[in-house]
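Student: no sequence for this one, just the structure:
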Ligand SMILES: Cc1cc2nc3c(=O)[nH]c(=O)nc-3n(C[C@H](O)[C@H](O)[C@H](O)COP(=O)(O)O)c2cc1C
């Protein structure tokens, strides 16, 4: 079997996305991901994305090339790309949470921290912990 990898990145939407735009994005993403064995979770808050994608290396690389070339978002920063033994989000072709209220705290604190800190070493761990906390 080819390597399984997990990739986590953050980005910002060029324009705030409507509920309908998010639904459309997810619908298409889930169909495509299912056919390529991609699983993961997408978090959205007020124009900011954090996404984890996992799958076989070639599938993750291909998808991320598409995502990087997507003009609907910008400021894409890869926080982690690791070889993994097993998937953390195996249940979801692409889970989604539009974060608000209390849940927001950890995420927005992360983004603040992220934009003002230069120590990249602990960021991947923080990002992963946030994503994992939404796994249920
Ligand atoms: C934040 C964000 C997350 C995305 N996640 C996925 C995804 O998980 N799977 C996917 O197929 N497309 C995803 N897309 C869409 C891709 O960027 C791209 O539009 C799509 O893969 C294009 O496929 P096509 O060229 O085959 O039409 C995402 C886009 C954005 C802005």
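Tutor: That came in fine, so what should we check first? Only a predicted model underlies this, so the values are computations on that prediction, with no experimental measurement involved.

Student: Correct me if wrong, but residue 76 is in a helix.
Tutor: No: looking at residue 76 with DSSP: H, G, I helix; E, B strand; the rest coil, it is strand, so not inside a helix.

Student: residues touching residue 7, list them.
Tutor: Going by Cβ atoms under 8 Å, 6 or more residues apart in numbering, residue 7 touches 52, 53, 54, 60, 64, 78, 80, 81. The way it works is simple: take the backbone N, C-alpha and C, and place the C-beta from them, glycine included.

Student: So for the third one, what's the nearest residue that isn't a sequence neighbour?
Tutor: Leaving aside its chain neighbours, residue 54 sits nearest to residue 6 (4.3 Å; criterion: Cβ to Cβ, 6 or more residues apart in numbering).

Student: Correct me if wrong: the one you found contacts residue 86.
Tutor: No: counting by Cβ atoms under 8 Å, residue 6 sits too far from residue 86 to count as a contact (10.0 Å).

Student: neighbour count winner among the two?
Tutor: residue 6 (22 against 8; other Cβ atoms under 10 Å).

Student: What strand or helix carries that one?
Tutor: strand 4-13 (DSSP states H and E).

Student: chain center to that strand, what's the gap?
Tutor: 4 Å (Cα atoms, centre = their mean, to the nearest Å).

Student: ok, back up a step: so of the contacts of residue 7, which two are at opposite extremes in space?
Tutor: 54 and 78 (13.8 Å; Cβ to Cβ).

Student: and these two? which has more neighbours close in?
Tutor: Legend: neighbour count by other Cβ under 10 Å for residue 54 and residue 78, higher for residue 54 (24 against 13).

Student: so what's that one bridging to?
Tutor: residue 6, residue 39 (DSSP bridges).

Student: what residues are up against it?
Tutor: Counting by Cβ under 8 Å, 6+ apart, the residues that residue 54 touches are 4, 5, 6, 7, 38, 39, 40, 60, 84, 87, 88, 89.

Student: ok, residues contacting stretch 28-41?
Tutor: Against stretch 28-41 from outside (Cβ under 8 Å, 6+ apart): 42, 51-56, 59-60, 62-63, 87, 89-97, 131, 134-135.
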